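Enquirer: mind folding the following:
(one chain, ligands or ions: 4)
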Amino acid sequence: QSKRNGRAQATLFENEMLRDQKHIRYIERELRAAILLNELELAYQPIVTAEGRLHGCEALVRWRHPSRGIIPPVDFIPIAEQSLLIDLLGEWVFRRACRDGVEAGSLFIGVNFSASQLKRDDVVTMVESVLAETGMPAKRIVIEITESVAMNANDGVIRRLAALRALGLRISLDDFGTGYSGFSYLRAFPIDSIKIDRSFVIKLGDSEADNVLITALASVANAMGLSIVAEGVETAEQMLLASTAGCKLLQGYYFARPQPWSDIQAMLARGGPVRIRATEAA
Ligand code: C2E
Ligand code: MG
Ligand code: MG
Ligand code: MG
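Expert: Ligands and ions are numbered 1, 2, ... in the order given. Presented below is the predicted three-dimensional model:
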């Protein structure tokens, strides 16, 4: 009886795997075409100072599928990461972000890089040539890598990150706090800023302990000369608590959703320090 169950389960599992593999290959083919057909686009989410000034934008990729509508990155980045497609996609994203951002004054542009992009020896040459081609100054680019990428980084990855920094790009540790990398680890890693994961920001205000945790994190980061960004700020209370805790930069729906580059340009064209206040986003 139990043997039969076991076998039945195993078979089911295999079928699902098979279907998944097929599904993955299908998406891969479609995604490859999408890159060539220019069906990908970038949405830019403002990153603001605690005073509400526009500091930078994070570029977030979307797939505008002809029949399925807008597909979010969680639904195709992991698939792209299972194949070499992520390199093609990553280069497309970086080039688009540089082209868009080049005429945007002193605005920082954040670009997410996947682990596999940094595992390639030619990533530094790719970045250099796209910067040269687009005229984008290196110092206005912030490369975001997740804490888990950083934790699993081998010597090659660290060397490449250091090389990118030497070119003038900044490196930011994304989703910080989800990977238990710790402070001593931060000290040894070539980064300029950290982004506190949304899951911590959500808890702000829940208990004194959560506030204390972020305050401690921010004070260590600030003392190390790292700037610290609070991700996923959705309410006025979270904004207040995050900035009080020492997060000098803030990002989240409370300020602005990811939006087309033309909206960012319009924001910049309003001139001066841009103040972004609570939008109707909820
Ligand atoms: P991430 O880099 O941590 O990006 C932040 C995500 O949080 C974005 O989701 C953004 O829309 C969302 N977000 C921002 N503010 C709020 C908020 O107040 N509340 C909530 N609930 N969410 C908020 P998105 O655009 O769906 O991207 C998801 C993830 O996909 C990103 O997480 C990043 O890891 C990955 N990703 C996006 N674009 C790229 C890319 O071009 N390359 C790579 N390798 N990964 C990308
Ligand atoms: Mg990011
Ligand atoms: Mg993030
Ligand atoms: Mg995150």
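Enquirer: who does the most centrally placed residue in the chain bridge with?
Expert: Against the mean C-alpha coordinate of the chain, by Cα atoms, centre = their mean, the closest residue is Asn112 at 4.1 Å. Using DSSP bridges, the bridge partners assigned to Asn112 are Glu144.
Enquirer: for Gly56, same thing?
Expert: Per DSSP bridges, the residues bridged to Gly56 are Ile47, Phe108.
Enquirer: give me the contact status of stretch 54-70 with ligand 1.
Expert: Yes. Using Cβ under 6 Å from any ligand atom, stretch 54-70 reaches ligand 1 at 60-61. For every residue, glycine as well, the C-beta is placed using N, CA and C.
Enquirer: for that stretch, which positions count as buried?
Expert: 54-63 (16 or more other Cβ atoms under 10 Å).
Enquirer: wait, which of those is closest to Ala153?
Expert: Glu58 (21.2 Å; Cβ to Cβ).
Enquirer: list the contacts of that closest one.
Expert: By Cβ atoms under 8 Å, 6 or more residues apart in numbering, the residues touching Glu58 are 44-45, 47, 109-112, 144, 251, 258.
Enquirer: cool, Ile86 as well?
Expert: 77, 80, 114, 116-117.
Enquirer: the same query, at a cut-off of 7 Å, please.
Expert: By Cβ atoms under 7 Å, 6 or more residues apart in numbering, Ile86 lies in contact with 80, 114, 116-117.
Enquirer: what about Arg165, how many residues close to it?
Expert: Other residues near Arg165 come to 16 when the count uses other Cβ atoms under 10 Å.
Enquirer: oh, I was asking about Ile71
Expert: If we define neighbours as other Cβ under 10 Å, then Ile71 has 19 of them.
Enquirer: considering only the buried residues of stretch 54-70, which also neighbour ligand 2?
Expert: When Cβ under 5 Å from the ion is applied, no member of those is adjacent to ligand 2.
Enquirer: what helix or strand is the residue in the chain that ligand 3 sits nearest to on?
Expert: Proximity of the chain to ligand 3 (Cβ to the ion) peaks at Asp174, 4.1 Å away. Asp174 belongs to strand 170-176 when assigned by DSSP states H and E.
Enquirer: any residue of that strand up close to ligand 2?
Expert: Yes. Counting by Cβ under 5 Å from the ion, ligand 2 is contacted by strand 170-176 at Asp174.
Enquirer: which elements pack onto that strand?
Expert: The contact analysis (3 or more Cβ pairs under 7 Å, 6 or more residues apart in numbering; DSSP states H and E) places strand 170-176 against strand 141-146, helix 147-151, helix 155-166, strand 193-196.
Enquirer: what strands line up against it, and which way round?
Expert: According to DSSP bridges, strand 170-176 has the following sheet partners: strand 141-146 (parallel), strand 193-196 (parallel).
Enquirer: next one, pLDDT for the nearest residue to the residue of the chain closest to ligand 3 once chain neighbours are set aside please.
Expert: Excluding the flanking residues, the one nearest Asp174 by Cβ to Cβ, 6 or more residues apart in numbering is Glu144, at 4.3 Å. With respect to pLDDT, Glu144 scores 98.
Enquirer: enumerate every residue touching Glu144.
Expert: Glu144 sits next to 110-113, 172, 174 when contact means Cβ under 7 Å, 6+ apart.
Enquirer: could I have the CA atoms of the strand holding Asp174 written out in CSV?
Expert: The C-alpha atoms that make up strand 170-176 are tabulated as CSV, following Å, rounded to 0.1, in the frame of the first residue of the first chain:
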residue,chain,number,x,y,z
ARG,A,170,28.1,52.0,-7.2
ILE,A,171,27.1,48.7,-5.8
SER,A,172,24.0,48.2,-3.6
LEU,A,173,23.0,45.2,-1.6
ASP,A,174,19.3,44.5,-2.4
ASP,A,175,16.8,42.8,-0.2
PHE,A,176,19.1,43.1,2.8
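Enquirer: which residue ranges of the stretch 1-150 of the chain form strands?
Expert: Under the criterion DSSP state E, counting those that start in this stretch, the stretch 1-150 of the chain contains strands at 40-49, 54-65, 69-71, 108-112, 141-146.
Enquirer: quick check: which of these is nearest to Ser262?
Expert: Smallest distance to Ser262 across the strands of the stretch 1-150 of the chain (Cβ to Cβ): 9.8 Å, for strand 40-49.
Enquirer: is that closest one positioned near ligand 3?
Expert: No. Counting by Cβ under 5 Å from the ion, no contacts exist between strand 40-49 and ligand 3, the nearest distance being 9.8 Å.
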